[in-house]
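Asker: predicted model and sequence follow; I will ask about them next.
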Amino acid sequence: MDKAALEQLTAQLKEQQAAAAEAVALLRGRLTPGAVAEAARTKLAEAAKAATVRPDGRPKQWVLAAVSTLLVLVVTGVAVRLARRAK
């Protein structure tokens with residue numbers, strides 16, 4: 001191999017090493033605990049919204065049923081407690 005070809009290969013190798021080092025630095029930045037936690041929080045928020053809200057922005061029927069059931073249970077509990085105190 002002539003000297004020019006070796007120099008070209010050396011330059012290519014240095015470019016590839018620099019690109020690999022940059023990729024590693026980028027991955028380290030993306031994989032920090034804070035960044036991973038933020039990405040997970042964002043994904044969970046999107047999943048929760050998709051599970052509870054229809055595309056038009058209104059809550060899904062099961063959410064309304066769950067909220068109304070919870071409200072009935074709370075009101076019943078308060079009524080029972082008030083009835084016990086009245087005795």
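Answerer: Sure, I can see it.
Asker: look up phi and psi at Val53.
Answerer: Dihedral pair for Val53: phi -120, psi 130, per degrees, to the nearest 10.
Asker: the residue nearest to it when sequence neighbours are not counted: neighbouring residues, count only.
Answerer: Sequence neighbours aside, Pro59 is the residue nearest to Val53 in space, at 6.0 Å (criterion: CB to CB, 6 or more residues apart in numbering). Every C-beta, even on glycine, is put in place using the N, C-alpha and C of the backbone. If you count neighbours by other CB atoms under 10 Å, Pro59 ends up with 12.
Asker: need the per-residue pLDDT for Pro59.
Answerer: Looking at Pro59, its pLDDT is 93.
Asker: likewise Val78?
Answerer: 97.
Asker: which SSE is it in?
Answerer: Per DSSP states H and E, Val78 falls inside helix 61-86.
Asker: for the helix or strand Leu6 falls within, packing partners?
Answerer: Remark: Leu6 resides in helix 3-30, with elements defined by DSSP H and E. Helices and strands touching helix 3-30, as assessed by 3 or more CB pairs under 8 Å, 6 or more residues apart in numbering; DSSP states H and E, are absent.
Asker: give the rounded mean pLDDT of that helix.
Answerer: What helix 3-30 shows for mean pLDDT is 91.
Asker: mean confidence score for the next helix or strand after it?
Answerer: For helix 3-30, the following helix or strand on the C-terminal side (DSSP H and E) is helix 33-52. The average pLDDT within helix 33-52 is 92.
Asker: hmm, Thr52 and the residue nearest to Val53 touching each other?
Answerer: Yes. Using CB atoms under 8 Å, Pro59 is in contact with Thr52, at 6.2 Å.
Asker: which elements pack onto the helix holding Val78?
Answerer: With contacts defined as 3+ CB pairs under 8 Å, 6+ apart, helix 61-86 has no helix or strand neighbours.
Asker: could you rerun that using 10 Å?
Answerer: The contact analysis (3 or more CB pairs under 10 Å, 6 or more residues apart in numbering; DSSP states H and E) places helix 61-86 against helix 33-52.
Asker: and the helix it packs on, how far out from the chain's middle?
Answerer: How far helix 33-52 lies from its chain's middle: 2 Å, per CA atoms, centre = their mean, to the nearest Å.
Asker: good, we can wrap up now.
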